[in-house]
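**Student:** with the sequence up front, the predicted model follows.
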Amino acid sequence: MKYLSLMLLLFLAAPGHAQSPPRITAFSVVPTQSHPAFTGAGYAVTQTNSSGTTEYRCYLNGHHFLSLISTSGTFDLRPHPGVDRNGWGSSLYLQPFLSVANVALGHTIISNVVATSTGVLITAAGGVSATNLTTYGTWNCALNFSYNPTNKAVAGSGSYSVTLAAPLSATTGDLNLYKLASNLMTNVPVLSGGMTNTGDMSGNLINGSNSTRQIVLNWDPPSQPANCSTDDFDWQSVTVIGNYNQVDTAAQGECPIQSAYKPTLTVNLTSHQLGLPLRFCGFYTTAEAQNFAADNIGINAIIAKSVTGTNFAFDVAFQSTALPQDGIGVDATLTATFPTNTSEVAVFYSSSLPGQFNRLVGSLPWISSKTYQGTVGVPFPPTGGPSPAQGFFRVTLPCSNSP
């Protein structure tokens with residue numbers, strides 16, 4: 001509760017409302033809870049369905065640590081190991097597809113997403129995605145996920161197998177076993193000022209081994225937009241390192257988004273077949289290098305088309321951990337009056353006055369006539385002013401890119 005006496009609030013009028021300005025009428029400020037609850041109701045799963053997308057939300061003691069999302073047959077694992085509300089980063093599409101034109105990920109049937117006393121069990125199967133919505137074989141997986149609130153880490157492990165309809169060839173191209181999707185922006189405006197790199201990842205680590213040696217690869221996406229190794233792995237580990245995503249989308253002409261600490265994600269594959277040409281491929285879409293909404297990074301584990309077999313089996317391991325800075329900020333519960341009735345009002349933050357209120361920290365939903373209430377999060381402690389530490393909020397109408 002120490003920030004209650006340190007945090008100052010400023011009640012600023014939004015443009016166009018000088019005669020009846022918005023006002024913050026009540027507030028409380030506390031340090032962000034640094035870790036989720038260590039005890040409670042245990043593991044649980046809920047299911048939501050909206051606009052053709054099914055989402056399975058996995059919880060431990062009320063903390064939403066993982067989602068499995070399926071849209072038109074995708075199998076998308078998205079971890080949330082930390083307490084940052086917006087700390088959802090890279091995604092793992094653990095489903096096979098061919099390296100040919102006009103391939104869309106799909107054809108997944110999710111059998112079970114079940115909470116147990118020790119975690120969440122996920123089983124799924126489907127078709128190997130091929131050109132023009134066709135398939136080229138089948139696959140299945142059985143995975144167990146657990147969450148460690150002390151380390152703020154999601155862990156998963158299990159089996160993954162693929163059976164092709166026929167051997168690979170020049171016509172089919174290589175077989176991709178998964179797609180690890182992320183975002184890396186280069187030379188973009190950031191909320192702290194200036195132009196630099198940011199996004200959901202800051203770098204990557206690729207290593208593994210085969211029967212003769214250890215393998216370590218270096219991939220720099222901006223300088224090597226397409227990089228496929230010729231090293232064959234029996235065991236392969238790929239890590240995308242988390243990042244503090246602080247892109248200033250308003251400076252790009254878009255609606256502002258909240259900054260967030262994005263987690264690190266690692267996926268390991270161990271082949272049951274020694275000597276299998278299991279390789280690494282990384283792709284960076286440079287045309288989307290300034291697009292905050294694009295999965296412009298795609299990392300694939302591939303089986304080369306030179307392989308003659310049709311049955312492949314792997315042990316798979318998954319881990320996602322929060323960045324050390326996750327949870328170091330403050331949460332503010334605000335009640336505000338606003339002269340216009342709308343579904344919500346936006347809340348911006350500045351560490352000093354006069355200040356540039358360009359940092360969106362959340363929104364307050366409507367609760368009654370011209371009254372709004374909710375909790376917003378600043379991802380770092382207040383530092384403005386010589387002493388004591390202070391910060392300032394402003395409420396305004398939410399941004400819309402609609403014409």
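**Tutor:** Okay, I see it.

**Student:** what about the spatially most central residue of the chain, which SS state?
**Tutor:** Centroid check for the chain by Cα atoms, centre = their mean gives Gly89 as the closest residue, at 1.8 Å. The three-state label given to Gly89 by DSSP: H, G, I helix; E, B strand; the rest coil is coil.

**Student:** I'd like the distance between the nearest residue to it once chain neighbours are set aside and Ser363.
**Tutor:** Closest residue in space to Gly89, ignoring its immediate chain neighbours: Lys262 at 3.4 Å, by Cβ to Cβ, 6 or more residues apart in numbering. Where C-beta positions appear, they are placed from N, C-alpha and C, glycine not excepted. Per Cβ to Cβ, to the nearest Å, Lys262 is found 20 Å from Ser363.

**Student:** so which of the two has more stuff around it?
**Tutor:** Between Lys262 and Ser363, Lys262 has the larger neighbour count (other Cβ atoms under 10 Å), namely 29 against 16.

**Student:** separation between that one and Gln246?
**Tutor:** As judged by Cβ to Cβ, Lys262 and Gln246 stand 10 Å apart.

**Student:** contacting residues for the nearest residue to Asn61 once chain neighbours are set aside?
**Tutor:** Spatial nearest neighbour of Asn61, excluding adjacent residues (Cβ to Cβ, 6+ apart): Gly40 at 3.1 Å. By Cβ atoms under 8 Å, 6 or more residues apart in numbering, the contact set of Gly40 is Leu60, Asn61, Gly62.

**Student:** Val316 versus Gly40, what's the distance?
**Tutor:** Going from Gly40 to Val316 by Cβ to Cβ gives 29 Å.

**Student:** again with Leu265
**Tutor:** 13 Å.

**Student:** gap between the two ends of stretch 126-136?
**Tutor:** From its first residue to its last, stretch 126-136 covers 10 Å (Cα to Cα, to the nearest Å).

**Student:** please apply the same query to stretch 248-264.
**Tutor:** Rule used - Cα to Cα; the end-to-end distance of stretch 248-264 is 22 Å.

**Student:** run the chain-centre distance for it.
**Tutor:** 13 Å (Cα atoms, centre = their mean, to the nearest Å).

**Student:** for the closest residue to Thr308 other than its chain neighbours, give me its contacts.
**Tutor:** Distances taken as Cβ to Cβ, 6+ apart put Pro167 closest to Thr308, at 5.4 Å, once the chain neighbours are dropped. When contacts are counted by Cβ under 8 Å, 6+ apart, Pro167 is found next to Val307, Thr308, Gly309, Thr310.

**Student:** tell me the SS of the second one?
**Tutor:** Judged by three-state DSSP, the three-state class of Thr308 is coil.

**Student:** wait, Cys281 touches Thr230, no?
**Tutor:** No - taking contacts as Cβ atoms under 8 Å, Cys281 lies outside contact range of Thr230: 10.9 Å.

**Student:** now stretch 308-317: mean pLDDT?
**Tutor:** Stretch 308-317 carries an average pLDDT of 97.

**Student:** what do you get for stretch 228-235?
**Tutor:** 93.

**Student:** got it, and stretch 190-208?
**Tutor:** On average, stretch 190-208 scores 96.

**Student:** end-to-end on it?
**Tutor:** Separation of the first and last residues of stretch 190-208 by Cα to Cα is 35 Å.

**Student:** do the same with stretch 34-46
**Tutor:** In stretch 34-46, first residue to last residue: 24 Å (Cα to Cα).

**Student:** which strand or helix spans Leu143?
**Tutor:** Per DSSP states H and E, Leu143 falls inside strand 135-148.

**Student:** after that strand comes which helix or strand?
**Tutor:** Following strand 135-148 in sequence, per DSSP H and E, is strand 153-164.

**Student:** so what touches the helix or strand that that next one is followed by?
**Tutor:** Downstream of strand 153-164, the next assigned helix or strand under DSSP H and E is strand 175-182. For strand 175-182, the external contacting residues (Cβ under 8 Å, 6+ apart) are 89-99, 105, 128, 160, 162, 164, 168, 199-201, 238, 240, 265, 267, 269, 278, 281, 295, 297-303, 305, 307, 312, 314.

**Student:** what do you get if the cut-off is 7 Å, keeping everything else the same?
**Tutor:** 89-99, 168, 200-201, 238, 240, 267, 269, 295, 297-303 (Cβ atoms under 7 Å, 6 or more residues apart in numbering).

**Student:** residue ranges for the strands of the stretch 201-350 of the chain, please.
**Tutor:** For the stretch 201-350 of the chain, the strands defined by DSSP state E, counting those that start in this stretch cover 203-209, 214-217, 226-228, 235-241, 243-245, 260-262, 264-271, 278-284, 297-303, 311-321, 330-337, 344-350.

**Student:** so what strands line up beside the first one?
**Tutor:** The reference is to strand 203-209. According to DSSP bridges, strand 203-209 forms sheet pairs with strand 214-217 (antiparallel), strand 235-241 (antiparallel).

**Student:** strand 175-182 and the longest one, what's the angle between them?
**Tutor:** By that I understand strand 235-241. Interaxial angle, strand 235-241 versus strand 175-182 (axes from the mean of the first three to the mean of the last three Cα atoms, to 10 degrees): 20 degrees.

**Student:** off-centre distance for strand 235-241?
**Tutor:** Here the centre of strand 235-241 is set off from its chain's centre by 16 Å, with Cα atoms, centre = their mean.

**Student:** same question, stretch 351-361
**Tutor:** Worked out by Cα atoms, centre = their mean, stretch 351-361 lies 26 Å from the chain centre.

**Student:** endpoint to endpoint, that stretch covers what distance?
**Tutor:** Across stretch 351-361, the terminal residues are separated by 12 Å (Cα to Cα).

**Student:** pLDDT on it, on average?
**Tutor:** 89.

**Student:** just the residues contacting that stretch, thanks.
**Tutor:** Identification of contacts with stretch 351-361 by Cβ under 7 Å, 6+ apart yields 10, 191, 248, 250, 256-259, 346-350, 376-378, 382-385, 391-392, 394.

**Student:** can you report how many residues neighbour Ala251?
**Tutor:** Neighbours of Ala251 using other Cβ under 10 Å come to 14.
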